[in-house]
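>>> Next come a sequence and a model predicted from it.
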Amino acid sequence: MSRWGMVVDLGACTGCGACGVACRQENNVPDVDERTWRNGRQRDWLQLVTKVEGRYHDAQVESYPLMCLHCDDAPCTKVCPVGATYSDEEGLVAQIYDRCIGCRYCTNACPYSVKTFNWLDPVWPQGTERRQNPDVSVRPRGVVEKCTMCHHRHQKADDRARFEGRELRHGDYTPACVEICPAGAMIFGDLDDPESEVSKRSEDKRAYRLMEELGTEPKVVFLRPHGKRS
Amino acid sequence: MSPSHTTMSTSPMTMSTSQPQPTAPAAEMTVHERKIFAHITTTGVGFKVLYVIFAAVAAWALAAWIWQIVHGLGVTGMNRPVYWGIYITNFVFFIGISHAGTLISAILRLSMAEWRRSITRMAEVITVLVIAFGAGNIIVDLGRPERLLNIILHPNFRSPLLWDVCSISVYLIGSATYLFLPMLPDLVRLERHIGGWRRPLYRALRMGYRDTPEQREKLEGFIARLAVIVIPIAVSVHTVISWIFAMTIQPMWHSTIFGPYFVCGAIFSGIAAILTFMVVLRKAFHLEEYLLPVHFDYLGRLLMVMTLFWLYFTFAEHWTTWYGNEPDEMAVFRSKVTGEFAPLFWTMVGACFVVPFTLLSRKAWRCNPTIMLIVSISINIGMYLERYTIIVPTLVNPRVFITPPHYQPSWVEWSILAGCFAGFLLCYMTFAKLFPLISVWEVEEGIERGAQEGAARVRGYFPSVSEPAARLEPGTDGGVQPREAGGMGQPAAKRGPRLPAREET
């Protein structure tokens, strides 16, 4: 059984935001107009969080992609009254859109605020609905959704592996964000496989997890930029 | 309770005799029946006007809710990351108020506080109605209300929200039973005396109960047992509600004192709510004879205790946060105390502590219904703000800033808030047109038995002193009269006609 995880090397990340675009295309995340975005109704599963330190002339801009971290001890799965969000056997945090009652307890319990809620019906400006990915369901209004680590790709890889009569193994699939990253800053794989790059890099001296002190045990590991201590 | 308290409590219905008189004809009402049942049959203009206004507001809120169902929760001001707002505040606030009935009724019943008798019913009605409105706000808050049954089909018992569903359901059933059972003897009287189009309702509701002495004895046994059961349920309900927040690891939600803090706030706002109703009903339905300065005084003392408890909890909660100086917690703390929510926070402190503490400090003020109305409304505004400043600032200050968070409730949320209050009052007024707001049989029983029981109890505390207790024995007027006149702050003669005997014993 694999334990899928990700390493994001912030030393290599250029902050281009391609991962977010790829995620939106891959997972049928509807675009929102500026007003809706300002009202805090954006639904991006993966966002570029930008931190600016200092002032003009002497500013340090730092950005990192933030998506569901698929915590081993996820605060969101505990609180769901109907079990619509749960950790599957491989440790990925899943969401059952058809069961979710939209109480938004999980979104409030998540310390990373990475789960999104469908406040309104998704809008597909003319023509854009044709770009939808047939492998991913379009979520209705009123439910919570979030990054699935491209579970549909996982399922396809799983089918292929079964067809070939073998176990699903490291390297069989990669999420869209990892695939597109032009800087090669995102690495995906099996954290339990000692041979995989992701497990080796996650032991790096630069490795840290977001808000480790909360004990949520995220499976997305960040690597600090070179020469930066914290 | 001291002997003088007992004296005060029985005095409203001036105790002159306990000798049973010949059974009155069925058609004739006792004095108390006539006075208390009056508000069922006579309807003033003011009542009708208010009823129409409340119905209009409730209808508007219903329309707003339908609008929300059609267009989605996007019509509210909620957003990412402020996923909860007015609706959850309403939920916590209304469930908090529901502690009015439980506290007044069950605790006072168990502690045999005789003065409770004329306020239990009106408090229990508040309880049942606000539980329903509180729970209703959760449904309004759901993104997919039609999937509500998933809570039963796919329960996840690790979720505090599911614990809440369980405890609130038990509480609703328990308090509805606790409202219904003590109403049975009154239903028998209502069927006999009011009748009309209401008669089938009374007949159906009394379910064969005829108020025979044996039935009455059994009923009182049930009520006493239910009073014991209902108290832990009520405490559990608000503790579990606080756990919805405290069980998460969010800054200023994840607090160990939230359980007792919420229970304290609930009892505090509950007593305030019952006081508001007492003042209004006293005036509107001419119940001055039953809701006396002594009731306001005692409830005022209780409120004084609760306002101090509330200050203590609020201080403990914020002081430890400030001293600990943990950055994520401090972000929430600052937005509450000096930032965006400071006006609401300090209004809350004023309304929950400064106003009540000042106005409850003197007995003359506590006995004044107008002042008590100001105090009780101030407390409930303050407690609403408390719920709001607990829920929203944490969400507006998330650990990860994605978009600049803000929360401004929309017209839909304001409408539903107004509709909840209007609907609640509408239900209460409807109840008042069907059932008496004062438990007639309990009042009459209190008059009949109260003095003896009080005397016996005093003898129980002070077995060696038999003399003061003896003075309270019914029939020995002289010893009682002067004290009660002093206690009530008004001459005894004004306090209504003397008591005729009950029909059946």
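Sure thing, it's come through.
>>> List the residues that contact residue B:386.
B:265, B:314, B:348, B:352 (CB atoms under 8 Å, 6 or more residues apart in numbering or on different chains). (C-beta placed from N, C-alpha, C; glycine too.)
>>> Restricted to helices, list those.
Filtering the contacts of residue B:386 for membership in helices, criterion DSSP state H, returns B:265, B:314, B:348.
>>> Pick out the most distant pair among the contacts of residue B:386.
B:265 and B:348 (10.7 Å; CB to CB).
>>> overlap in contacts of those two?
B:383, B:386.
>>> Between the two, tell me which one has more neighbours.
Neighbour comparison, residue B:265 and residue B:348: the larger count goes to residue B:265, with 28 against 24 (by other CB atoms under 10 Å in any protein chain shown).
>>> do you know how far that one is from chain A?
20 Å (CB to the nearest CB, to the nearest Å).
>>> need the helices for the stretch 401-505 of chain B, in chain order.
Along the stretch 401-505 of chain B, counting by DSSP state H, counting those that start in this stretch, helices occupy B:411-432, B:440-461, B:467-472, B:477-488.
>>> can you tell me the average pLDDT over the third one?
On average, the pLDDT along helix B:467-472 is 48.
>>> Near the residue lying closest to residue B:227 once chain neighbours are set aside, how many other residues are there?
Among residues not flanking residue B:227 along the chain, residue B:106 sits closest, at 4.1 Å (CB to CB, 6 or more residues apart in numbering or on different chains). Neighbour count for residue B:106, taken as other CB under 10 Å: 26.
>>> What's the local residue count around residue B:353?
Residues near residue B:353, counting by other CB under 10 Å: 19.
>>> Give me the secondary structure label for the residue in the stretch 301-450 of chain B positioned nearest to chain A.
Going by CB to the nearest CB, chain A is nearest to residue B:398 of the stretch 301-450 of chain B, at 4.7 Å. Of the three states, residue B:398 takes coil under DSSP: H, G, I helix; E, B strand; the rest coil.
>>> Which residue does chain B have closest to chain A?
Closest point on chain B to chain A, by CB to the nearest CB, is residue B:143, at 2.0 Å.
>>> What is the neighbour count of the nearest residue to that residue once chain neighbours are set aside?
Spatially, and ignoring its direct neighbours in sequence, residue B:143 is nearest to residue A:102 (2.0 Å; CB to CB, 6+ apart). Applying other CB under 10 Å, we find 23 other residues in the vicinity of residue A:102.
>>> if we can go back for a sec, correct me, but the residue nearest to residue B:227 touches residue B:178?
Yes - Residue B:106 is within contact range of residue B:178, at 7.3 Å (criterion: CB atoms under 8 Å).
>>> Give me the common contacts of these two.
Common neighbours of residue B:106 and residue B:178 (CB under 8 Å, 6+ apart) are B:226-227, B:230.
>>> From residue A:183, how far out is the residue of chain A most remote from its centre?
Ranked by distance from the centre of chain A (CA atoms, centre = their mean), the top residue is residue A:57, with 33.4 Å. Separation of residue A:57 from residue A:183 (CB to CB, to the nearest Å) stands at 26 Å.
>>> same thing with residue B:127?
Distance of residue B:127 to residue A:183, computed by CB to CB: 62 Å.
>>> the more surrounded of the two?
More crowded of residue B:127 and residue A:183, by other CB under 10 Å: residue B:127, with 31 against 14.
>>> Who are the contact partners of the more buried one?
B:98-102, B:175, B:179.
>>> Which one (most neighbours) among those?
Most neighbours among those, by other CB under 10 Å: residue B:98, with 33 neighbours.
>>> My guess is that residue contacts residue B:126. True?
Yes - the criterion here is CB under 8 Å, and residue B:98 meets it with residue B:126 at 7.2 Å.
>>> which residues are in contact with both of the two?
With CB under 8 Å, 6+ apart as the test, residue B:98 and residue B:126 both reach residue B:270.
>>> Please name the nearest non-neighbouring residue to residue B:357.
residue B:307 (5.6 Å).
>>> Quick check: end-to-end length of stretch B:173-191?
One end of stretch B:173-191 sits 25 Å from the other (CA to CA, to the nearest Å).
>>> residue ranges with poor pLDDT in chain B?
B:1-27, B:103, B:450, B:465-505 (pLDDT under 70).
>>> centroid residue for chain A?
residue A:67 (3.3 Å).
>>> how near is it to residue B:224?
58 Å.
>>> go on, residue B:459?
Taking CB to CB, one finds residue B:459 at 21 Å from residue B:224.
>>> Repeat that for residue A:173.
Counting by CB to CB, the gap from residue A:173 to residue B:224 is 66 Å.
>>> just to revisit the earlier point, what helix or strand does the residue nearest to residue B:143 sit in?
Counting by DSSP states H and E, no helix or strand carries residue A:102.
>>> Got the confidence number for it?
So residue A:102 comes in at 94 (pLDDT).
>>> Looking at residue B:459 and residue B:224, which has the bigger crowd around it?
Taking other CB under 10 Å, residue B:459 and residue B:224 do not tie; residue B:459 has more neighbours (16 against 12).
>>> Distance check, the residue of chain A found nearest chain B against residue B:125.
Scanning chain A for the residue nearest chain B gives residue A:102, at 2.0 Å (criterion: CB to the nearest CB). Noted for residue A:102: a distance of 32 Å to residue B:125, by CB to CB.
>>> Helices of chain A, residue ranges please.
Going by DSSP H, chain A shows helices at A:18-26, A:34-38, A:75-79, A:105-109, A:151-163, A:176-180, A:197-201.
>>> Quickly find the element holding the spatially most central residue of chain B.
Nearest to the mean C-alpha position of chain B, by CA atoms, centre = their mean, lies residue B:100 at 2.3 Å. If you go by DSSP H and E, residue B:100 is part of helix B:99-101.
>>> tell me which residues in the next helix or strand after that helix are buried?
Using DSSP H and E, the helix or strand that directly follows helix B:99-101 along the chain is helix B:108-110. For helix B:108-110, the neighbour count (16 or more other CB atoms under 10 Å in any protein chain shown) marks B:108-109 as buried.
>>> Equivalent analysis for stretch B:62-72, please.
Of the residues in stretch B:62-72, those buried (16+ other CB under 10 Å) are B:64-65, B:68, B:72.
>>> Just confirm the residue of chain B closest to chain A contacts residue A:104, I think it does.
Yes - here residue B:143 reaches residue A:104: they are 7.1 Å apart, a contact under CB under 8 Å.
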